[in-house]
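S.K.: how does the following fold in three dimensions:
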Amino acid sequence: MSVRLVGNCPMGCGPHLFVGAGGYITCAWIDCPHPDAVSTLLADRETEHVVQFGEAGFTIRHPLRERLDDALMECDLHAWCAELPGPLATSSPVRMREASLGRWEVIT
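M.R.: Below you'll find the predicted structure:
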């Protein structure tokens, strides 16, 4: 027996989520391109910002919690990174956290 959930599939399928075998949240829509998208997202243990610096710029992966209350729209990490004199001296992604208002630090 499956349990239907309140919510929508993040792939755009609509309200077709249920708890499947093993407790995995799954989309029941037959044409869903990634039926286990919710379970995959929830399995990600990262809770901080991850920044990949390159020669031409940077890319930020924001933590899922920033989707709550539109916190993502208020995140100033992009502005902080854009003001750096150049990329950090690493080719690996770095985890970052706000150290104080408007100042960020690399964490391990």
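S.K.: quick one: end-to-end length of stretch 70-83, please.
M.R.: 23 Å (CA to CA, to the nearest Å).
S.K.: buried stuff in it?
M.R.: The neighbour-count check on stretch 70-83 (16 or more other CB atoms under 10 Å) flags 75, 77, 81 as buried. Every C-beta, even on glycine, is put in place using the N, C-alpha and C of the backbone.
S.K.: give me the number of neighbouring residues for the residue lying closest to residue 5 once chain neighbours are set aside.
M.R.: Distance criterion CB to CB, 6 or more residues apart in numbering; nearest residue to residue 5, sequence neighbours excluded, is residue 17 at 4.3 Å. The local packing of residue 17 (other CB atoms under 10 Å) involves 24 other residues.
S.K.: could you pull up the residues touching residue 17?
M.R.: By CB atoms under 8 Å, 6 or more residues apart in numbering, the residues touching residue 17 are 4, 5, 7, 8, 9, 25, 26, 27, 28, 38.
S.K.: so which of those is the most crowded?
M.R.: In the contacts of residue 17, the most neighbours by other CB under 10 Å go to residue 27, 26 neighbours.
S.K.: against residue 41, how distant is the residue nearest to residue 5?
M.R.: Residue 17 sits 12 Å away from residue 41, going by CB to CB, to the nearest Å.
S.K.: with residue 62 instead?
M.R.: Going from residue 62 to residue 41 by CB to CB gives 13 Å.
S.K.: burial measure for the closest residue to residue 108 other than its chain neighbours, as a count.
M.R.: In space, and not counting its chain neighbours, residue 108 is closest to residue 95: 7.2 Å by CB to CB, 6+ apart. As a burial measure, residue 95 scores 16 neighbours (other CB under 10 Å).
S.K.: for the strand or helix carrying residue 95, packing partners?
M.R.: Using DSSP states H and E, residue 95 maps to strand 94-100. Strand 94-100 sits against strand 49-54, strand 103-107, with contacts defined as 3 or more CB pairs under 8 Å, 6 or more residues apart in numbering; DSSP states H and E.
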